[in-house]
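Chemist: just need the structure, nothing else, for what follows:
(one chain, ligands or ions: 1)
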Amino acid sequence: MAAKVTKTTPMVQQYMDIKQEYQDCLLFFRLGDFYEMFYEDAVVASRELEIVLTSRGDSGTERIPMCGVPYHSVSGYLAKLLSKGYKVAICEQVEDPKTAKGIVKRAVVRVVTPGTIIEEQLLREKVNNYLAAISYIDQAWGLAYVDLSTGEFKVTQIPSSQSQLLMTELIRIKPAELYITETNSAAIPGLSQLSELVVTHGAPGDFRYETAYARLTEHFQIHSLRAFGCEELPAAVSATGGVLAYLYETQKNSLIHLRKIVTYETGQFMTLDPATRRNLELTRTFRAGDTSGSLFAILDYTVTSMGGRTLRTWLEQPLVQLAAITRRQAAVAVLTVNLEARESIRELLKNTYDIQRILSKLASNSANARDLLGLKNTLQELPKLKELLKQFSVEYIKEIEQNIFSCTELSTLLIDALLEDPPLTIKEGGIINPSFHPELAHLKDASSQGRRWVAELEQQERERTGIKSLKIGFNQVFGYYIEVTNSNLNMVPADYIRKQTLTNGERFINQTLKEYEDLILNAHEKSVALEYQIFLEIREKILQHIDELQQTATSLAELDSILSLAEVAVRNHYIKPELNENGKIVIIDGRHPVVERMIPPGNFVPNDVLLDSNDNRTHIITGPNMAGKSTYMRQVALIVLLAHIGSFVPAKSAQIGLVDRIFTRVGASDDLATGQSTFMVEMNEVAYILNHATAKSLIILDEIGRGTSTFDGMSIAWAVVEFVNHPNRIGAKTLVATHYHELTELASILDGVKNYHVAVQRDGEEIVFIRKIMPGKTDQSYGIEVARLAGLPTEITNRAREILKMLEKHQTADLETPVKPPVSETERQLSLFPMDSEVVLEELRKMDLVSITPLQALNLLYEWQQKLRGQQAS
Ligand SMILES: Nc1ncnc2c1ncn2[C@@H]1O[C@H](COP(=O)(O)OP(=O)(O)OP(=O)(O)O)[C@@H](O)[C@H]1O
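Modeler: Residues are numbered from 1 along each chain as shown. All right, here's what the predicted structure looks like:
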C-alpha cells in the first residue's frame with residue numbers, strides 16, 4: 001500500500017484489508033454503480049486505462065488517489081488491462097445494502113486473469129482461450145490446459161528427455177496464461193523467450209502430487225483417475241491438480257462445467273514444430289500474422305463458433321493413425337456427394353448457438369436470459385438434425401448422431417418458460433412467460449392492472465378538481481405523485497398532501513394513490529423476485545443435464561468441421577486422397593490450396609510429385625527465382641498435411657503415404673527478439689530437423705545455407721542433403737530447393753536423389769515463367785532477369801551482367817580459386833577493385849620528393865616493380 005494512513009474510515013479499512021489479500025492484482029472495489037480503485041492501483045489503472053485520477057479525502061489529512069469505471073461497461077476496461085498482462089480482482093457488495101448493519105460487506109468474487117476469461121466480449125469466437133499449467137515429477141513434464149469458457153480440459157505427459165516437445169506443444173496450444181512454479185519455469189529451456197506468454201508463478205503446494213490427486217478426485221467425485229487415463233501419470237496429475245487449484249482460487253465457484261479430463265499422448269498427433277507451423281501458414285500468415293491468407297481461412301466454412309474452434313484444432317493436430325484418419329475422411333466423403341444433406345445440415349447448424357460457452361457461463365453464474373434463449377433455440381433444432389443424420393451409415397456420423405441429445409424435457413421447459421427478447425439483466429424481470437407460473441401471472445396482472453387504475457384515477461381527479469392539466473407520474477425516489485402547475489394550485493383539494501415543490505408546480509399524494517402505489521410496487525417487486533427465482537431453478541435444471549449438453553456441443557462442433565471440409569472439397573475441387581502406409585507419395589496435378597485462391601481462377605499451374613523410400617527419396621529442385629519452387633514444395637507439404645487431417649486435397653489424384661512428421665526450413669529471418677542472426681536461426685532450424693526427422697518424415701528445405709559465404713553455404717547444404725538422404729542416417733523424403741547448381745551433382749553420386757527443375761521459357765531478353773516442374777536440372781538462375789522484372793534500373797542490371805561475366809570467367813577454373821580482379825584494359829575500367837598500377841601511380845603522385853632519401857626512393861621503386869610484376873603474372 002503506497003500511502004501511510006493515519007486515520008481511516010471503515011470503508012477504506014475494508015478496502016485495505018481486502019487489498020492485502022490480492023497484492024498481485026488490481027482491485028476493482030464496487031461502490032454503487034462504479035468499480036473504484038485506490039492508492040497505487042488507481043495510479044496504475046488511470047495510466048493504463050487513460051481515465052482521470054482523482055482523490056478522496058477520507059483518511060485524516062491525507063487524500064487518497066482514486067479512479068473508477070462504471071460497472072456496466074467494465075468489460076472494455078478489463079480487456080485493456082488483461083491485454084497488458086494485469087490481473088483484476090473483482091470485489092462486490094455481498095449483502096443487500098438495505099439490510100446491512102454498518103458498512104456493507106464486500107468480498108472478491110472472482111479474479112480475472114488472461115487465462116480465465118469467460119466474458120464473450122473479451123473472447124474471440126473461433127479461438128480457444130487456454131490456461132495451461134506445467135509440472136515436473138519423476139523425470140517427466142506434465143502439461144495440462146483448460147479453456148474455462150468451453151469446459152475443455154486436456155492433459156499430457158512428456159519425458160524430460162523431450163523438453164523440446166514440451167515447448168512445441170506449448171507453442172501449439174498458445175495459452176493465454178501459464179501457471180507454473182518459479183523453479184520449474186526456470187528449468188524449461190526457451191520458456192523465457194516466449195515473450196507474449198503471461199506466466200503466473202504458482203505455489204509449489206498446488207502441484208504436490210498427493211494434494212493434486214485429492215483435489216481432482218474430489219472435484220470430479222471419483223475414486224481414481226483411471227477413467228480419465230492419467231492414474232499412472234504423476235506429472236500429468238500434478239499439472240492438472242495445479243491448474244484446478246488456480247481456478248478455484250481465482251473463480252471462487254464450483255466449476256461444475258469442468259466434467260472430465262482428456263488425457264492424450266503427443267504420439268496420437270503429428271508433431272509440428274513452431275517453425276513448420278509458421279512456414280506452412282496454417283492459421284496465420286508468415287508476414288502479416290493475419291488469419292486471412294492462411295490455410296485455415298481457406299478451409300473454414302464452419303457456421304458455428306464451436307465448429308470453427310474444432311476445425312482449427314484439427315488443423316493444428318493432424319492425425320497419424322490410419323484408422324483415425326480414414327474414419328474422419330469417410331465422413332467428409334459422404335457429405336461431399338450429398339448436396340441436399342449438406343445444405344439442410346448447414347441451415348440447422350446456423351440456428352444453433354455456442355452452447356459450450358453458454359454452459360460455462362451458466363456454471364459460473366454469469367449467464368443471462370439471452371443465453372437461455374440461445375440454448376433453447378439450439379435444442380429446438382436437434383431432433384431435426386438427428387433425423388437428418390440418420391440417413392448416413394458411416395461410423396463417425398452415426399456416432400455424432402448418437403451423441404447429440406435433444407433433451408426434450410428441458411427443451412419444452414425452456415420453450416414454455418422463456419419470453420422472447422428478454423433484457424440483458426437477470427434481476428429486473430421480463431424473462432419469464434407469466435403463463436409458465438400461476439403466481440407470476442397473478443402478480444403481473446396486479447401490476448399491469450395497477451397501471452390502468454392509475455390512468456383511471458388521473459381521469460377522475462381531473463374531473464373532481466377541474467384541473468385539466470393534472471398529471472399522475474412516477475419516479476424512483478418519490479414513487480407515484482399528482483402534479484399540479486402553479487397556476488392551478490388554488491384548485492387543489494384539501495385531501496392532497498404536498499410532497500415536492502418544483503419551479504413551475506407542486507407534487508402531491510393522496511390516500512387512494514398511496515394505496516395503489518403500495519399494491520403496484522409490491523406486485524412488481526414480487527414478480528421481479530419471483531422471475532429471478534424461476535431463472536435460478538431453470539439454470540439448475542440445465543446444469544443437471546450438463547454432461548449430455550457438453551457431449552452434444554462437441555458433436556455439433558465436429559459435425560460442423562466435417563461439413564466444412566466437405567464444403568471446401570466441393571467448392572475448390574479437391575479429391576479424396578488414397579492413404580497408404582508404404583511411404584509412397586504420388587500426387588498428380590497437385591495445387592497449392594492457398595495460392596490457387598489468391599490468383600485469378602484457372603491460372604494456377606498444377607504439378608506432380610513422386611516421393612518414396614527408395615529411388616525417389618530426395619528431390620533437388622533448381623530453377624530461377626520466382627519460378628515457383630517454394631510454392632511447389634509447400635504445396636506438397638500442405639497436401640500431405642491435409643490428408644492427415646482427414647481432408648480432401650487439391651489434386652487430380654493423390655496417394656499419400658502416412659508420415660510421422662513434416663519439417664520445413666523456409667526463408668530467412670532474423671530473430672531479433674532472441675538476438676540471433678539470420679544464419680544462426682537457419683542453422684538452429686536445420687539442426688532441429690536433423691535431430692528429430694526419421695525415415696517416415698517429410699522434409700522441405702528451401703535454400704539452406706544462404707546466410708553465409710557461398711562456399712560455406714554450399715558445403716553445408718551438400719552435407720545436409722547427404723545426411724538426410726542416407727538410409728542409415730535419416731532416409732527421409734525430402735524436397736530441397738537450391739540456387740547452388742553444384743548440388744545437382746548429388747543425383748549422380750547418391751542413390752535416391754533426383755533432379756527436378758522449374759521450367760522457364762526464354763523470349764529474347766525476356767523470361768516467361770511457365771511454373772512447370774520437370775525432371776532434370778537447370779544451370780541458369782536468371783536472377784538478373786528477375787531483378788529487372790522487379791524494377792531494378794537498367795543501368796544496374798546491365799552492370800550486373802558485366803560483373804557476372806567476369807565472375808563466371810574466374811570461377812569456372814577451380815572452385816577453390818578465389819575471384820581475382822580483371823586485368824585487360826576494358827576489364828580494368830570495369831573493375832570493382834583499385835588496380836595495383838593505379839595504386840602505384842597514386843603513391844607517386846602524392847610523393848614528396850624533397851623529403852625522401854635516395855635509399856627510400858630505391859626501396860619504393862623495388863616495391864612498385866614487385867607489385868606490377870605480380871599483377872601481370874595473375
Ligand atoms: N504453379 C503455379 N501456378 C501459378 N502461379 C504460381 C505457381 N507457382 C508459383 N506461382 C506464383 O509465382 C510466385 C513465386 O513463386 P515462388 O515464391 O514459389 O518462387 P520461387 O521459385 O520459390 O522463388 P525464389 O527462388 O525467389 O524464392 C508465387 O507467389 C505465385 O504467385
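
Chemist: and the chain, which residues reach the ligand?
Modeler: 595, 599, 603-605, 623, 625-631, 771 (Cβ under 6 Å from any ligand atom). Bear in mind the C-beta positions are built from the backbone N, C-alpha and C, glycine included.

Chemist: residue of the stretch 1-150 of the chain closest to the ligand, please.
Modeler: Nearest residue of the stretch 1-150 of the chain to the ligand: K126, at 27.1 Å (Cβ to the nearest ligand atom).

Chemist: take the residues of the chain next to the ligand and keep only those in strands.
Modeler: R771 (DSSP state E).

Chemist: what residues go with each domain of this structure?
Modeler: Here the domain parsing of the chain from automatic domain parsing is 10-112, 123-268, 306-407+545-571, 439-518, 578-780, 782-819, 836-873.

Chemist: residues in contact with the residue positioned nearest the centre of the chain?
Modeler: Nearest to the mean C-alpha position of the chain, counting by Cα atoms, centre = their mean, stands V127 at 5.1 Å. By Cβ atoms under 8 Å, 6 or more residues apart in numbering, V127 lies in contact with 309, 312.

Chemist: ok but it is inside a strand, no?
Modeler: No - V127: not assigned to a strand; according to DSSP: H, G, I helix; E, B strand; the rest coil it is coil.

Chemist: quick one: it and D416, what's the gap?
Modeler: Applying Cβ to Cβ, to the nearest Å, the value for V127 to D416 is 36 Å.

Chemist: wait, which of the residues of the chain next to the ligand is closest to E685?
Modeler: E685 lies nearest to S630 out of these, by Cβ to Cβ, at 15.4 Å.

Chemist: and that closest one, how far from A637?
Modeler: In terms of Cβ to Cβ, S630 sits 11 Å off from A637.

Chemist: and those two? which has more neighbours close in?
Modeler: A637 (22 against 19; other Cβ atoms under 10 Å).

Chemist: quick one: the more buried one is in a helix?
Modeler: Yes - using three-state DSSP, the secondary structure at A637 is a helix.

Chemist: residue contacts, it?
Modeler: 280, 662, 664, 698, 700.

Chemist: the second one sits in which helix or strand?
Modeler: Secondary-structure element containing I662, defined by DSSP states H and E: strand 662-665.

Chemist: just L349 next, same as before
Modeler: Counting by DSSP H and E, L349 is part of helix 339-350.

Chemist: other SSEs contacting that helix?
Modeler: Under the contact criterion of 3 or more Cβ pairs under 8 Å, 6 or more residues apart in numbering; DSSP states H and E, helix 339-350 touches helix 322-336, helix 369-389, helix 546-571.

Chemist: mean pLDDT and mean neighbour count for those - can I get that in a markdown table?
Modeler: Below are these laid out as a markdown table (pLDDT from 0 to 100; neighbours: other Cβ atoms under 10 Å):
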| stretch | mean pLDDT | mean neighbour count |
| --- | --- | --- |
| helix 322-336 | 97 | 18 |
| helix 369-389 | 95 | 20 |
| helix 546-571 | 97 | 22 |
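
Chemist: let's have the ones you listed in a markdown table, adding distance to S851.
Modeler: Output for those, formatted as a markdown table (distance: least, Cβ to Cβ, whole Å):
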| stretch | distance to S851 |
| --- | --- |
| helix 322-336 | 87 |
| helix 369-389 | 97 |
| helix 546-571 | 85 |
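
Chemist: which of these sits closest to G241?
Modeler: When the helices and strands packed on helix 339-350 are compared (using Cβ to Cβ), the closest one is helix 546-571, at 21.4 Å.

Chemist: and the closest one, how far out from the chain middle?
Modeler: Put simply, helix 546-571 sits 19 Å off its chain's centre (Cα atoms, centre = their mean, to the nearest Å).

Chemist: what does stretch 782-797 give?
Modeler: Using Cα atoms, centre = their mean, the offset of stretch 782-797 from its chain centre is 41 Å.

Chemist: am I right that C91 falls within a strand?
Modeler: Yes - using three-state DSSP, the assignment for C91 is a strand.

Chemist: number of nearby residues for it?
Modeler: C91 has 24 nearby residues by other Cβ under 10 Å.

Chemist: starting at the chain centroid, how far to stretch 842-857?
Modeler: That offset, for stretch 842-857, works out to 74 Å (Cα atoms, centre = their mean).

Chemist: got the contact list for F228?
Modeler: So F228 contacts 220, 260-263 (Cβ under 8 Å, 6+ apart).

Chemist: which pLDDT value belongs to it?
Modeler: For F228, the pLDDT comes out at 91.

Chemist: repeat that for the one 3 residues further on.
Modeler: The confidence metric pLDDT takes the value 89 at E231.

Chemist: that one: neighbour count?
Modeler: What E231 shows, counting by other Cβ under 10 Å, is a neighbour count of 14.

Chemist: now it: closest residue in space that isn't a chain neighbour?
Modeler: L225 (4.5 Å; Cβ to Cβ, 6 or more residues apart in numbering).

Chemist: any idea how many residues pack against the one you found?
Modeler: Neighbours of L225 (other Cβ under 10 Å): 23.

Chemist: from V237, how far off is it?
Modeler: Taking Cβ to Cβ, one finds L225 at 6 Å from V237.

Chemist: same check, this time on D273
Modeler: 27 Å.
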